[in-house]
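Colleague: Make a model of this:
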Amino acid sequence: MISRIRVPAPVTVGAAALVALGTLALRPAQAAVAIEGTFEARAACPAYQSFNDGTNPGDVALRPGTTYGAFEINQPNGGWVRLRVPGAAPLDRWVARECGVLAVTSPAGPDPTVSLAPALADAPLGATAPMDDPAMTGDDAADPAVPGDGLVPLMNNTVVAASPAEPFPWFFDRIDDGAEDRTPPPPVLGQVDFSVLRLCGDWGDTPTAADFRIFLEEHPGLRNTLVTTLSGSPDAGDEDLVGAWFDADGFRHVFCGEPDQRVESGWNLGGLHYMGRYAQAQLNGWAGLLTGGCSVIETAPPIYTQGVVFRAPDGTTGVKCINGYALGLTAPDMLHEITKATADARRRFGSSGQYACRRQILDDGHSYEAVFVIRDGAIVTFYPDATPDESLPYCQG
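Modeller: Model prediction:
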């Protein structure tokens, strides 16, 4: 994370209700809850011996439609359920709660459906949770999430594979496959990330300029930084900043993704270059890693270039052969970097016409380049590129 982008304003108890990610990280460890119940699998999710370590002897996966005996939850209202999986060795396995439907017939301990502290594992996007530490800042982040931890917001209580008959391959997991690992650990998210995901909404939704103004009001420190970066003074109005992000639909393209783009062969995914949306898409079953076929996969951490398979508006699936994001580049980082690229490109190229340029990114000890496109002074796209076209000029000039 680029530390200079942290929102400096103190967080009040009311505002802190939005910092569910950090709240979960600060809670005391809660004991596992013994239960008697059943778990009907909705997706072919991995069944871990240890979900913390990502160990899965035998690469065991649940069978969709199969009902398993359930005997433990990792904590009250927790995101992981312990099952007995016939044929597995060892027999007892942990699975993400969102992978199916849990029916508790007899809790052997505290009621597992009542959390000792509010959580987001089964809450819609925008659910609130109190903050344990009033001194915690808005961008303080929780431990890295894995689907089922409840740290990446669900939409409308959707389970992982609510739409596709078969689950999409995951973008993130906790299994270390070495230097060429194309599925890194899930990203660390903070308050602004959470707000951006709420702004994006459901898969295929279109955030509005009015929504963005409300977002800026909720994060005044970030707003002042962005306005100053673009216009030179925190006293400048928001109009130029809002126009830069929405006149060419750059915000939706970069942060949210556009699964409704029609092409001759079906559907195309526009944009989607933000790690938080990848994590949310994985958790909600909207999209996954495209393996095989036309997929172009390049692993050059923190840049992950890969094909994407996604849920289209008509319920079918679409594919995008090459796409990418930078792991570790948070929403406030991206807002700052892209707004700065906009200011630089306007000075270099003017505010009329369409231009592409490169921007050097320095993030948490990593140095890489991103491609930025501007049209008539507004943001079109921004994406990290491990092998950028060196004929493109730098935005800074």
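Colleague: what about stretch 211-231, start to end distance?
Modeller: Taking C-alpha to C-alpha, to the nearest Å, the span from the opening residue of stretch 211-231 to its closing residue is 21 Å.
Colleague: buried ones in it?
Modeller: For stretch 211-231, burial by neighbour count (16 or more other C-beta atoms under 10 Å) applies to 211-213, 215-216, 218-219, 221-231. Placement of C-beta: from N, CA and C, glycine included.
Colleague: just checking, which of those belong to helices?
Modeller: Assigned to helices by DSSP state H, the following of the buried residues of stretch 211-231 qualify: 211-213, 215-216, 218, 221-231.
Colleague: Over to stretch 373-384 now: how far is its first residue from its last?
Modeller: Separation of the first and last residues of stretch 373-384 by C-alpha to C-alpha is 12 Å.
Colleague: who's in contact with that stretch?
Modeller: Residues external to stretch 373-384 that are found in contact with it (C-beta atoms under 8 Å, 6 or more residues apart in numbering): 243-248, 250-251, 253-254, 271, 273, 302-303, 324-326, 329, 334, 337-338, 341-342, 345-346, 349, 351-357, 359, 361, 368-372.
Colleague: which phi and psi does residue 73 have?
Modeller: Recorded main-chain torsions at residue 73 are phi -120, psi 140, according to degrees, to the nearest 10.
Colleague: ok, now how distant is it from residue 103?
Modeller: Summarising the geometry, the distance separating residue 73 from residue 103, computed by C-beta to C-beta, to the nearest Å, is 12 Å.
Colleague: that older thread, just checking, which of the contacts of stretch 373-384 belong to helices?
Modeller: Mapping those onto helices (DSSP H) picks out 243-246, 250-251, 334, 337-338, 341-342, 345-346, 349.
Colleague: ok, of those, which one's closest to residue 69?
Modeller: Ranking the ones in helices among the contacts of stretch 373-384 by separation from residue 69, with C-beta to C-beta as the measure, puts residue 334 on top at 44.6 Å.
Colleague: these two touch, right, the closest one and residue 255?
Modeller: Yes - the pair residue 334 and residue 255 passes the contact test of C-beta atoms under 8 Å, sitting 7.4 Å apart.
Colleague: Now the common contact residues for the two.
Modeller: Counting by C-beta under 8 Å, 6+ apart, the common neighbours of residue 334 and residue 255 are residue 274.
Colleague: Among the contacts of stretch 373-384, name the buried ones.
Modeller: 243-246, 248, 250-251, 253-254, 271, 273, 302-303, 324-326, 329, 334, 337-338, 341-342, 345-346, 349, 355-357, 359, 361, 368-372.
Colleague: just how off-centre is stretch 361-375 within its chain?
Modeller: If you compare the mean C-alpha spot of stretch 361-375 with that of the full chain, they lie 19 Å apart, counting by C-alpha atoms, centre = their mean, to the nearest Å.
Colleague: And the helices in the stretch 151-300 of the chain?
Modeller: Along the stretch 151-300 of the chain, counting by DSSP state H, counting those that start in this stretch, helices occupy 191-200, 209-218, 220-231, 239-246, 250-251, 275-284.
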